[in-house]
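Participant: dropping the sequence and predicted coords here.
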Amino acid sequence: QKEVEQNSGPLSVPEGAIASLNCTYSDRGSQSFFWYRQYSGKSPELIMFIYSNGDKEDGRFTAQLNKASQYVSLLIRDSQPSDSATYLCAVFNAGNMLTFGGGTRLMVKP
Amino acid sequence: DTAVSQTPKYLVTQMGNDKSIKCEQNLGHDTMYWYKQDSKKFLKIMFSYNNKELIINETVPNRFSPKSPDKAHLNLHINSLELGDSAVYFCASSPSGFRETQYFGPGTRLLVL
């Protein structure tokens, strides 16, 4: 079992819809959770981080964390074509390492 | 000014050669990292370096060695390059610890022929 798992996609949503990106992790001792966005040919850039159970909102983005289910998600409201990218979930685990999932490719169609 | 910079941006070389990739950050961060992203876009940490403490991902071959002349620089030296080393290598930094947001450099695209 991979430490951090994401559906590779592509996830296709129409412009204006809500995009829901999911991530599961295996280490129950994981402490911090990050979502990075990576455009094709570019480097990853941080979208959001979350440490506590529940929801965290920042503009059109909402991160959701459920430690009991070992599940973290990212919701993008009012999706725009410019949101089309690969979204990487990253988990800081008890072993002091940041582990990335394989990423989900999101396509927002006009 | 670029926060995290890497040189070169592209590197094409023959199998068996030795090469280095340089990384510099001007953010005043204490911690720096090297990542490898393969053709399937999987991003894997290779090394993290914080206040002279080096943490190595045990899956990294010892042909790879990080060198940090000072807090702002973390270079990656690769000996005896192999075809499987072809990937994009990203340098990153974070303020003072492994839990924090990481800022990535633009990447170095390495192709081993």
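Facilitator: Thanks, I have the structure now. As the structure is a computational prediction, the values presented were derived from the model and not from experiment. Numbers count the residues shown, from 1 in each chain, chains lettered A, B, ... in the order given.
Participant: from the contact counts, what lies against the helix or strand of chain B with the lowest mean pLDDT?
Facilitator: For chain B, using mean pLDDT, DSSP states H and E, the weakest element among its helices and strands is strand B:53-56, scoring a mean of 78. Where contact means 3 or more CB pairs under 8 Å, 6 or more residues apart in numbering or on different chains; DSSP states H and E, strand B:53-56 is packed against strand B:43-50. To be clear about C-beta, it is placed using only N, CA and C from the backbone, and glycine gets the same treatment.
Participant: per-residue pLDDT, the residue lying farthest from the centre of chain A?
Facilitator: Here the centre of chain A is the reference, and by CA atoms, centre = their mean the most remote residue is A:Pro110, at 22.1 Å. We have a pLDDT of 93 for A:Pro110.
Participant: same deal with B:Pro95?
Facilitator: The confidence metric pLDDT takes the value 88 at B:Pro95.
Participant: could you do the one 5 residues further on as well?
Facilitator: Per-residue confidence at B:Glu100 stands at 77 (pLDDT).
Participant: can you give me the neighbour number for it?
Facilitator: Per other CB atoms under 10 Å in any protein chain shown, the neighbour tally for B:Glu100 reads 19.
Participant: I figured it hits B:Ser94, correct?
Facilitator: Yes: judged on CB atoms under 8 Å, B:Glu100 makes contact with B:Ser94 at a distance of 4.3 Å.
Participant: overlap of the contact sets of the two?
Facilitator: Taking CB atoms under 8 Å, 6 or more residues apart in numbering or on different chains as the contact rule, the neighbours common to B:Glu100 and B:Ser94 are B:Thr31.
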